[in-house]
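Structure for this input, please:
(2 chains)
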Amino acid sequence: MSDLLHRAVLIEDETLVRRYVAIALETLGFQVWESETAAQGLMEVVSRQPDLIILDLGLPDRDGINVIHELRPWCDIPILVLSVRTEELQKVAALDAGADDYLTKPFGVPELQARIRAVLRRTQHKGEGFAENNSVVDFGNIRVDMIRRRVTRAKKTIHLTPTEYRILTLLVTNIGKVLTHRQILRDVWGPGYVDRPHYLRVFMAGLRRKIENEPANPKHIQTETGIGYRLVQ
Amino acid sequence: MSVPASVTALLNFARDGIAAGFLVGVTTLSLIPLTHHLMLANILVLYLLLVFLVAVKIGRRLSILVSILSLFAFAYYFVPPHQSFNIVDQQYWLILGFMLTISLITTHLTTGLHIQVAITENRERRIRSLYELSSALTGIVTRDQVVAPCSHFADVNFNAKASIILPDHNNRLFSDSYHQEPLDIRMAQTVYEQKKDAPAGALFHRHDRLLYIPLPGSKKNHGILVLTLHASHDELSPEQTSLLKTCIALVGLALERLSFATKVQQTALEIEAERLRNALLSSLSHDLRTPIAAMAGIADTMQLRHPPLSEIHNDLLNTMRNQMRLVLSDIDKLLDMARLHKGHALLHKEWQLLEEVIGSAIKTAAIVLSGYQVQVHSDEELPLLEMDAMLMERVFCNLLENAARHTPVGSRIDIAAHIKGDRLVVTVSDNGPGLPRGQEEAIFEKFMHGRSKAGTGGVGLGLSIVRAVIEAHGGAIQASNQQGGGARFEFFLPVGNSPFSTLDAERLP
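Numbering: from 1, shown residues only, chains lettered A, B, ... in the order given. Got it, this is the predicted structure:
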């Protein structure tokens, strides 16, 4: 990945954090524009047209969530949010607003790099549309064939209910991305059901039982406590 | 010194008779010289005027006496033949008959009016004093302020002294506020505790000259009112009784309003305190985390540089990172403990799957658990449980970290969950050296360390957080050693009424 030069805008007010995140980005082959405030960051995004935005939620001049709200109507550049752990509600709000992923401080540089790679991989595929190689997704020994609407586990077809299938395809098309309870409920059941996360939990339990080897220690459908779910390849 | 009723009545009658005789006598004596100057009809009207004035100014009984005496005086002195009752003309009998009738009717009407006026005045006075009482009670802000308007009210309306006895926090009445009369506090307590729907007769309890009256609220009595009746007071009249009922209802309402207001104020204060605390904790957490995040990140970044670091430097950096992770987990625990302090924690409860919580705890503790075998055994269909997922995840993380800390690498850690009656029973056990004997309870204390591998100290808060969270969820935890060796933590959580009795997903929309 380091052979093609990506651009990133990094909006973070803590100088030390900004410095090491910038170094981590540079080693991934990014050209980085740093900014301390939301206002400056938004300007950088407009002028640089980056491939990635890294955004701290606690900014001196504005809440990071407002920045996402401001960005999303006109741009779909992937946004990776940085936050302090105790703010589950803030993370959910950021993801609901349209952020792609979040990282809790403190985070390891290897983890940061892995998340960046996952976010970029997903957004690059998005541009290509659902080509044949994208309509079939493999993870573990599971294969989801979205054209034939078939899910197999170790080459054996597994029977999913219509709802389970919709949840699974939603996770698959957003592989690696955290989907909040609200997003999944809205997409699968409809806007009237966003306040009933227990529906989702029940179906997720069913889905895990069919897909995971160890449902209580899942490899693929991971729970982000208090936030939502993420499918990991 | 009591006088028989009949004697009193006789004395009253004699007094009235003398008064009536005097009035009629004076009128007659002043009319006699005018016998030949006035027409008989005018004399008759003057007598009627006397009757009327007596009825208006004095009263019914005297007025009747005056009308009868006037009749005789008129018949004797003015009806011809004068100075005899021998009435010749039959017409005069008619006149006398009319005179008696008119004077009696006048008496009746005027004295009736008197009574009406008196009743109205009385009623007005009562309403005014009730109004005064209620406006005095609306303004009060403490319970003690109830007493003064009540005393005034009782004094005006019942000619009695009033005291109010209020309960303390344990619902015991305390009699310090009551000085004037010896009070039967046991009786007061009984009256205070009686139910709202007690029989009607139980409204007032009388003992000597004291009336014990409960002050009713919507759920329980708020205190009692004690009336000290005046010595000459025997019974309360029906009006007074109904007035008293209105009065106690008013006072009960005022006390109820005060108790609700106090509760609201208290809750508002608690919410504010909780808000401040959370603000403090989250800013503390932010301020402690940020520099550690920077340090850990810089350590990582150093390893990214080219040329690669020597092995010894790499090792040092790894150690540094691990130490920072430990510091961070201690900070987390201290903040968690502060948040759970005294059960003030606000739980964000939702219907959760235990499986998910265990899964994410294993994921969170992955670094500590590397090299250990963690196995989860649970009933196939555990119901949804109402809990705070973040806190319950801390419970499992802390138990897992605890197990990893006290057992050699390669040990097995088992998590088992099953339903037993209306409880979910969870055990976390290991096959390590087990708990120090006799310390099974003490390990849940704050800042308590068990036997541990060197250099894995920590602040010793992990297990006390576990206990606090489980107790906040209405459960309990205990630790023991297993038969075959190894520590075993067992806790239960109440199951509650899950929104779905089973996890039969197909029945859901």
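
For chain A, which segments count as strands?
A:6-11, A:30-35, A:52-56, A:79-84, A:101-105, A:136-139, A:142-145, A:150-153, A:156-157, A:178-180, A:221-224, A:228-231 (DSSP state E).

Same check on chain B?
Under DSSP E, chain B gives strands at B:161-165, B:205-207, B:210-216, B:221-228, B:350-352, B:373-378, B:385-387, B:412-420, B:423-430, B:476-481, B:487-494.

And the last one, what's buried?
Buried residues in strand B:487-494, counting neighbours by 16 or more other C-beta atoms under 10 Å in any protein chain shown, are found at B:487, B:488, B:489, B:491, B:492, B:493. Where C-beta positions appear, they are placed from N, C-alpha and C, glycine not excepted.

the residue most distant from the middle of chain A, which is it?
Centroid-distance maximum for chain A: residue A:156 at 29.5 Å, with C-alpha atoms, centre = their mean.

Now do the contacts for that residue.
Under the criterion of C-beta atoms under 8 Å, 6 or more residues apart in numbering or on different chains, residue A:156 has no contact partners.

in chain A, which helix or strand is least confident?
Least confident element among the helices and strands of chain A, by mean pLDDT, DSSP states H and E: helix A:132-135 (a mean of 62).

returning to that earlier point: out of the strands of chain A, which is closest to residue B:423?
Shortest distance between residue B:423 and the strands of chain A, using C-beta to C-beta, is found for strand A:221-224: 23.9 Å.

Give me the residues contacting the longest helix along chain A.
When chain A is parsed with DSSP state H, its longest helix is helix A:109-128. With C-beta under 8 Å, 6+ apart as the test, helix A:109-128 has contacts from A:1, A:6, A:20-21, A:24-25, A:27-28, A:51-52, A:76, A:78, A:80, A:100-101, A:103, A:134, A:174-177, B:297, B:300-301, B:303-304.

Tell me the gap between that helix and the middle of its chain.
Computed by C-alpha atoms, centre = their mean, to the nearest Å, the chain-centroid distance of helix A:109-128 equals 9 Å.

Torsion angles phi and psi at residue B:486?
Here is the backbone geometry of residue B:486 (degrees, to the nearest 10): phi 100, psi 150.

That one: what's it in contact with?
B:407, B:429, B:430, B:431, B:432, B:433, B:434.

Skipping adjacent residues, who's closest to the closest residue to chain A within the stretch 1-150 of chain B in space?
Ranked by C-beta to the nearest C-beta, the top residue of the stretch 1-150 of chain B for proximity to chain A is residue B:141, at 38.2 Å. Nearest non-adjacent residue to residue B:141, counting by C-beta to C-beta, 6 or more residues apart in numbering or on different chains: residue B:258, 7.6 Å away.

Look at the one you found and say how many residues are nearby.
18 (other C-beta atoms under 10 Å in any protein chain shown).

now residue B:293
23.

chain center to stretch A:174-192, what's the gap?
With C-alpha atoms, centre = their mean as the basis, the mean position of stretch A:174-192 lies at 12 Å from the chain mean.

what comes up buried for it?
A:174-185, A:188-189.

Can you say which two of the residues you listed are spatially most distant?
A:176 and A:189 (23.3 Å).

Next, work out how far apart the most centrally placed residue in chain A and chain B are.
Nearest to the mean C-alpha position of chain A, by C-alpha atoms, centre = their mean, lies residue A:177 at 2.6 Å. From residue A:177 across to chain B, the span is 17 Å (C-beta to the nearest C-beta, to the nearest Å).
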